[in-house]
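Here's a sequence, model it:
(one chain, ligands or ions: 2)
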Amino acid sequence: MIIRHRPLHPIRSSEITPKSVFDNRRAILRAMGFGGMAMAMAPLLGAGLGNPAQAAWRPETGKALSGTVNPKYTAKALGVEPTAYDLVTTYNNFYELGTGKGDPHENAGFLKPTPWSIKVEGAVEKPGTYDIDDLIKAEDIEDRVYRFRCVEAWSMVIPWLGVPLSKVISRLKPTSKAKYVYFETLFDPNQMPGQNRQVLEWPYKEGLRMDEAMNPLSLLAVGLHGEVLPNQNGAPLRLVVPWKYGFKSIKSIVLIRFTEKQPPTSWNEANGREYGFYSNVNPNVSHPRWSQAAEKVIGQNNLFGLPIKQPTLMFNGYEEEVADLYAGMNLRTFY
Ligand SMILES: Nc1nc2c(c(=O)[nH]1)N[C@H]1C(S)=C(S)[C@@H](COP(=O)(O)O)O[C@H]1N2
Ligand SMILES: [Mo]
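Ligands and ions are numbered 1, 2, ... in the order given. Below is the predicted model:
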């Protein structure tokens with residue numbers, strides 16, 4: 001979306017503690033009995049969300065994670081192959097970890113997704129600070145393959161593991177005043193070195209209208225390609241709204257607020273003429289600086305090694321499931 005920069009820090013992923021060493025440390029701590037401490041604290045954090053004593057479900061970064069396959073959203077149902085793991089995890093937009101496509105992968109080691117808590121506030125009956133293990137229930141995790149379309153006119157197909165946002169919201173019980181839900185990403189320049197520069201007003205913010213949030217397509221992702229979510233993809237918890245441009249899918253969420261008024265969003269705040277609140281994928285409405293009619297398919301090249309382009313679909317192909325949300329709205333005005 002903006003100019004390219006050099007990676008922000010000299011530390012490479014390879015210099016970060018190897019996973020085997022890390023796993024071993026954890027095993028030693030567990031053997032010493034420290035593992036039980038998290039269990040003892042769970043009831044405090046989980047108060048109000050039922051089954052509070054449930055053990056932490058979340059494996060460490062890079063470990064296998066599975067979910068119930070949702071037959072509506074499989075690669076077969078889409079008729080396309082998922083984008084390779086290496087591309088999904090090395091070609092990223094995550095400005096907190098750098099503005100170049102390779103920076104988030106390079107700087108991923110700064111982010112510490114464990115422990116992680118999420119503050120819930122505003123027009124809601126069950127506000128509080130929840131540990132991720134209490135907010136996301138293992139048995140709710142689904143395996144869903146979604147199309148993903150960035151506003152920069154490229155696309156991927158990503159096999160997510162996540163919980164329908166509607167399930168989490170229903171348990172938190174928003175009041176009748178809640179018309180929108182607003183999200184914020186972590187603000188911590190030590191974990192997110194990109195925040196040392198004011199490329200956006202930090203923290204990153206996004207929001208949805210309540211009916212968009214409650215649409216069954218909206219997902220809170222905790223994994224991809226059968227693994228715990230890699231840091232560069234927004235660990236440990238990020239939004240996925242597949243009928244909207246990628247920037248709506250906010251990463252590394254630490255705050256969920258239910259509001260009466262339409263909340264501010266980062267890209268709209270940065271440039272309201274180019275990025276609206278709705279940001280529905282729409283091949284008929286050009287971005288002021290480029291067409292949105294087609295998209296580069298990441299990972300698919302032609303005989304000359306050039307990226308294949310394909311036509312962009314209305315609502316990114318999810319028209320049947322979401323068009324009703326915008327009945328009567330002029331999609332040129334509400335872009
Ligand atoms: N916090 C935060 N969330 C973010 C972004 C970001 O810079 N910071 N980039 C957005 C954009 S523009 C896109 S296209 C997607 C990219 O998600 P991916 O890297 O997992 O493919 O994340 C979105 N969420
Ligand atoms: Mo994007």
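
need the contact list for the residue of the chain found nearest ligand 1.
Ligand 1 sits closest to residue 246 of the chain, with a gap of 2.6 Å, by CB to the nearest ligand atom. (C-beta placed from N, C-alpha, C; glycine too.) Contacts here follow CB atoms under 8 Å, 6 or more residues apart in numbering; on that basis residue 246 touches 93, 148, 149, 150, 151.

Can you report how many residues lie near the first one?
Residue 93 sits with 21 neighbouring residues when counted by other CB atoms under 10 Å.

Report whether it is found in a helix, as I expect.
No. Under DSSP: H, G, I helix; E, B strand; the rest coil, residue 93 falls outside any helix and is assigned coil.

Distance of it relative to ligand 2?
According to CB to the ion, to the nearest Å, residue 93 stands 5 Å off from ligand 2.

what's the burial count for residue 129?
Using other CB under 10 Å, residue 129 is surrounded by 15 other residues.

again, but for residue 285
Around residue 285 there are 15 other residues, counting by other CB under 10 Å.

Just confirm it is within a helix.
No. Counting by three-state DSSP, residue 285 is not found in a helix; it is coil.

my guess is it contacts residue 334, does it?
No. Applying CB atoms under 8 Å as the test, residue 285 and residue 334 come out as separate, 10.1 Å apart.

which residues does the residue of the stretch 1-150 of the chain found nearest ligand 2 bridge with?
Closest residue of the stretch 1-150 of the chain to ligand 2, CB to the ion: residue 150 (3.4 Å). Counting by DSSP bridges, residue 150 forms beta bridges with residue 154.

quick one on the thing from earlier: the contacts of residue 246: which two are farthest apart?
Farthest pair in the contacts of residue 246 (CB to CB) is 93 and 149. Separation: 12.2 Å.

Over to residue 131: give its phi and psi.
Phi and psi for residue 131, reported as degrees, to the nearest 10, are phi -70, psi 140.

Residue 205 now?
Geometry field for residue 205 lists phi and psi as phi -130, psi 150, criterion degrees, to the nearest 10.

Now do the contacts for it.
Contact analysis of residue 205 by CB under 8 Å, 6+ apart lists 182, 183, 184, 185, 250, 263, 264, 265, 266, 269.

just residue 216 next, same as before
Residues in contact with residue 216 (CB under 8 Å, 6+ apart) are 164, 166, 321.

do the same with residue 319
Taking CB under 8 Å, 6+ apart, one finds 243, 313 in contact with residue 319.

how close does it get to residue 251?
Distance, residue 319 to residue 251, using CB to CB, to the nearest Å: 26 Å.

ok, so of the contacts of residue 205, who is nearest residue 74?
So of the contacts of residue 205, ranked by how close each gets to residue 74 (CB to CB), first place is residue 250, at 25.4 Å.

that older thread, any chance of a markdown table for the contacts of residue 246, columns pLDDT and distance to residue 204?
Below are these laid out as a markdown table (pLDDT from 0 to 100; distance: CB to CB, whole Å):
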| residue | pLDDT | distance to residue 204 |
| --- | --- | --- |
| 93 | 98 | 11 |
| 148 | 98 | 17 |
| 149 | 98 | 19 |
| 150 | 98 | 15 |
| 151 | 98 | 15 |
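
near ligand 1 too, which of the residues you listed?
Here is what survives when the contacts of residue 246 are matched to ligand 1 using CB under 6 Å from any ligand atom: 93, 150.

most surrounded residue in the contacts of residue 246?
residue 149 (24 neighbours).

contacting residues for that residue?
Here residue 149 is in contact with 155, 242, 245, 246, 281, 295, 312, 316 (criterion: CB under 8 Å, 6+ apart).

so the first one makes contact with residue 295?
So the one you mean is residue 155. Yes. With contact defined as CB under 8 Å, residue 155 counts as touching residue 295 (4.4 Å).

who touches both of these two?
Residues touching both residue 155 and residue 295 (CB under 8 Å, 6+ apart) are 149, 310, 312.

which element is the second one on?
Taking DSSP states H and E as the definition, residue 310 sits inside strand 307-311.

Next, count neighbours for residue 195.
The burial count for residue 195: 22, using other CB under 10 Å.

Where does it sit: helix, strand or coil?
Put simply, residue 195 is helix when judged by three-state DSSP.

Report the contact partners of it.
96, 187, 188, 189, 202, 203.

what sits against residue 209?
Applying CB under 8 Å, 6+ apart, we find residue 209 in contact with 179, 180, 262, 325.

Of those residues, which pair is most distant in space?
That would be 262 and 325, which, of the contacts of residue 209, are the farthest apart (CB to CB) at 14.7 Å.
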